[in-house]
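> predicted model and sequence below, questions to follow.
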Amino acid sequence: MNDVINFRVMTEQDIPDVVKIEEEAFATPWTAEIFEHEMNGNNYAHYIVATDGDEVIGHCGMWIVLDECHITNIAVLKRYRGNGIGEQLLREGIKLCRDLDVRLMTLEVRVSNKVAQNMYRKLGFQDGGIRKNYYTDDREDALVMWVEL
């Protein structure tokens, strides 16, 4: 890992790398087709990637509608986890939202994912409620979290 991790707006050329991260991180990963639609057909979609040199090592996706943001996905390659990159990605997302006058950010996280929940709480997110049987792969509940900016 380089000493400097960079963050930038995701491009279509990043889709294969982002899909690899999704496949490593999630039981039901988003496909290349989903990301292609996000990049070309969803005016609300905003994506940031983290890079180590030329390698895409993480991504954060958001849908921003008026003054609200829904975080769709955030993931980091397994070998880079534990280095604060997920937190940095989320901080970059928060910065983008503030620049766009977003007032509220929300997300869902597995009730079992305590590491992610702790990161979100560190950045000011609060528990908002439970979505029962939210995840399609195993019917796990999701914790809804939100933060006012």
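Yep, it's here. Numbers count the residues shown, from 1 in each chain.

> contacting residues for Leu96?
Leu96 makes contacts with His46, Ile48, Met62, as judged by C-beta atoms under 8 Å, 6 or more residues apart in numbering. Any C-beta I mention is one placed from the backbone N, CA and C, and that applies to glycine too.

> the last one should be in a strand, yeah?
Yes: with DSSP: H, G, I helix; E, B strand; the rest coil as the criterion, Met62 is assigned to a strand.

> now, which of the contacts of Leu96 sits nearest Glu38?
Glu38 lies nearest to His46 out of the contacts of Leu96, by C-beta to C-beta, at 9.3 Å.

> just give me the residue right at the centre of this structure.
Residue closest to the average C-alpha location in the chain (C-alpha atoms, centre = their mean): Ile74, at 2.2 Å.

> please name the bridge partners of the closest residue to it other than its chain neighbours.
Among residues not flanking Ile74 along the chain, Cys60 sits closest, at 4.5 Å (C-beta to C-beta, 6 or more residues apart in numbering). Note on Cys60: beta-bridge partners by DSSP bridges are Ile48, Ile74.

> what about Cys60, how many neighbours?
By other C-beta atoms under 10 Å, the residues close to Cys60 number 26.

> check the one 3 residues further on too.
Applying other C-beta under 10 Å, we find 15 other residues in the vicinity of Trp63.

> Lys20 versus that one, what's the distance?
Distance, Trp63 to Lys20, by C-beta to C-beta, to the nearest Å: 22 Å.

> tell me where the model's unsure across this protein.
For the chain, the stretches with pLDDT under 70 are 1-2.
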